[in-house]
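>>> structure for the following, please:
(one chain, ligands or ions: 2)
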Amino acid sequence: MVFITHLPLLITFLEVPAIKTGSSDYCLQYIIHVISMFCILRWMLMTKRGGDWWRRLSPSLQFRTFGNVDVIGKSDWLTYQGATNIATTLRAAAIFLRLYGGWDWFITLSARDYPLITQDDLSHVFSSVRRDLNFIEHTSDLGWKEKHRFQPIVVDPGLYLARRSQIFIATEKRPTPDAFRIFTGSPWVIISRSFLEFCILGWDNLPRTLLMYYTNVMLSQEGYFQSVICNSPEFKNTTVNGDLRFVIWDNPPKMEPHLLNISDYNEMVRSGAAFGRQFGKDDPVLNLIDEKILKRGHYQAVPGAWCFGRRRWWMDPCSQWGDVNILKPGPQAKKFEESVSNLLDGWKSQSNQCQ
Ligand SMILES: *[C@@H]1O[C@H](CO)[C@@H](O)[C@H](O)[C@H]1NC(C)=O
Ligand SMILES: *[C@@H]1O[C@H](CO)[C@@H](O)[C@H](O)[C@H]1NC(C)=O
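Ligands and ions are numbered 1, 2, ... in the order given. Coordinates of the predicted model:
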């Protein structure tokens, strides 16, 4: 099966409704992005129940031609802080495993994320990364979360009620588990295909047991993959402790990270992260990223070596294209390479792995 590669981050598609014109940030649940050995990218848009704006979109020309974007129209309820978020991620992963072979990593994104590198940068740097590595930020130092996240028992009504609702917290608490170790960390992950198969196919009971446990944990997406991988002897050694995202937390931290703006731009660029989060609707810093890093015009694809069209203000250079398998890393590739290589040094030393 051949899919086309450098469909510019589908961002043409993503950001227009979700961030830039902000019809509603919350409709678009997230996108998944897969890199294969041939630098093939496929996207999946998981839509949230109750939002059907995406039906009205007219996808860009490349999007139609390359057909590497799938929209999952049969959507599920998603409850803020609830386990339905993990269910949706696992569902997307299962669809990828079932429909497509030959890919290497599964990347989760939300509608409030924005790339800080081009697809070519990502493919270029990841082409020399060991295919079995997982980028999952994690720690077993639970701190305040032990009492406030792991001991309370929550129930996500999205799993059984046919209407939108909020999680509720039971009056009973439960002890911290001792049958396995709990890890927590960033909900945004880059997972290898082999680890994802382990989670989805479930020949070992660990992923299923933890899924059942995490069903009643608040913000389960901040601990599920972390706990599965670090409790599994076969996969533990493949955990790289980082998520390659740029995030700023307020001090003291609030539920959601600080909304990135122009004042954060330089730090974002220096970070060498792959994605920034989170951005507010129409924030001017998004235009700056488009202009300086992604070099893309309004409503256009992020150009790469595959774009043959002339660069004129009225013309999309990617409206004509040649070989889509040629990579041309952009200005941020070096920084990104450095940050990946720093994480890999940490991984080799095993000093912060599943500790
Ligand atoms: C993981 O690393 C540890 C420590 O280096 C080693 O003893 C163990 O055999 C490795 N496990 C696997 C499955 O490679
Ligand atoms: C960016 O956000 C920070 C923190 O919210 C704020 O102090 C700063 O003024 C903002 N900068 C701009 C240019 O809006």
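
>>> going forward, measure contacts and count neighbours with C-alpha atoms only.
OK.

>>> phi and psi next, for residue 124.
Phi and psi for residue 124, reported as degrees, to the nearest 10, are phi -60, psi -50.

>>> look up how far residue 117 lies from it.
With distances taken as Cα to Cα, to the nearest Å, residue 124 is found 11 Å from residue 117.

>>> again with residue 204
Taken as Cα to Cα, the span from residue 204 to residue 117 is 37 Å.

>>> neighbour-wise, which of these two wins?
More crowded of residue 204 and residue 117, by other Cα atoms under 10 Å: residue 117, with 24 against 11.

>>> and the more buried one, helix, strand or coil?
With DSSP: H, G, I helix; E, B strand; the rest coil as the basis, residue 117 sits in coil.

>>> how deep is residue 206 tucked in, by neighbour count?
Going by other Cα under 10 Å, the residues that sit close to residue 206 add up to 18.

>>> neighbours of the residue in the stretch 151-300 of the chain positioned nearest to ligand 1, how many?
At 4.4 Å from ligand 1, residue 234 is the closest residue in the stretch 151-300 of the chain, using Cα to the nearest ligand atom. When neighbours are counted by other Cα under 10 Å, residue 234 registers 11.

>>> where's it relative to residue 206, distance?
Residue 234 is 12 Å from residue 206, where distance means Cα to Cα.

>>> the one helix or strand residue 96 maps to packs against which elements?
Residue 96 belongs to helix 84-99 when assigned by DSSP states H and E. Contacts defined by 3 or more Cα pairs under 8 Å, 6 or more residues apart in numbering; DSSP states H and E place helix 84-99 against strand 41-48, helix 193-201.

>>> ok, of those, where does mean pLDDT dip lowest?
Here the helices and strands packed on helix 84-99 differ in mean pLDDT, and the lowest is strand 41-48 at a mean of 62.

>>> from the stretch 101-250 of the chain, which residue is nearest to ligand 2?
Relative to ligand 2, the nearest point of the stretch 101-250 of the chain is residue 250 (8.4 Å; Cα to the nearest ligand atom).

>>> and the chain, which of its residues are near ligand 1?
233-234, 237 (Cα under 6 Å from any ligand atom).

>>> which of those lies closest to residue 344?
Nearest to residue 344 among the residues of the chain next to ligand 1: residue 237, at 11.9 Å, using Cα to Cα.

>>> share the number of residues neighbouring that closest one, please.
Residue 237: 18 surrounding residues under other Cα under 10 Å.

>>> going forward, count from 745.
Done: numbering now begins at 745, and the last item shifts to residue 981.

>>> quick check: the gap between the nearest residue to it once chain neighbours are set aside and residue 841.
The shortest distance from residue 981 to any residue other than its chain neighbours is 7.6 Å, reached at residue 1097 (Cα to Cα, 6 or more residues apart in numbering). In this view, residue 1097 and residue 841 are 27 Å apart by Cα to Cα.

>>> more neighbours: which of those two?
Remark: of residue 1097 and residue 841, residue 1097 carries more neighbours, 20 against 17, as counted by other Cα under 10 Å.

>>> tell me where this protein has strands.
Using DSSP state E, the strands assigned to the chain run over residues 772-780, 785-792, 813-820, 847-854, 858-859, 878-879, 896-899, 912-917, 934-936, 983-984, 989-990, 1019-1020.

>>> strand partners of the fourth one, parallel vs antiparallel please.
Using DSSP bridges, the strands paired with strand 847-854 are strand 772-780 (antiparallel), strand 934-936 (antiparallel).

>>> which stretch in these is the model least sure about?
Across the strands paired with strand 847-854, strand 772-780 has the smallest mean pLDDT, namely a mean of 48.

>>> who touches whatever residue of the stretch 745-894 of the chain ends up closest to ligand 1 in this structure?
Residue of the stretch 745-894 of the chain nearest ligand 1, by Cα to the nearest ligand atom: residue 876 (11.5 Å). Going by Cα atoms under 8 Å, 6 or more residues apart in numbering, residue 876 touches 936-939, 982.

>>> what of residue 824?
Residues in contact with residue 824 (Cα under 8 Å, 6+ apart) are 910-911.

>>> any idea how far residue 931 is from it?
Taking Cα to Cα, one finds residue 824 at 13 Å from residue 931.

>>> and for residue 831?
Separation of residue 831 from residue 931 (Cα to Cα): 13 Å.

>>> again with residue 880
In this view, residue 880 and residue 931 are 8 Å apart by Cα to Cα.

>>> cool, residue 973 as well?
Taken as Cα to Cα, the span from residue 973 to residue 931 is 14 Å.

>>> more neighbours: which of those two?
Neighbours of residue 973 and residue 931, each counted by other Cα under 10 Å, are more numerous for residue 973; the result is 25 against 21.

>>> pLDDT at that one, what is it?
The model reports residue 973 with a pLDDT of 98.
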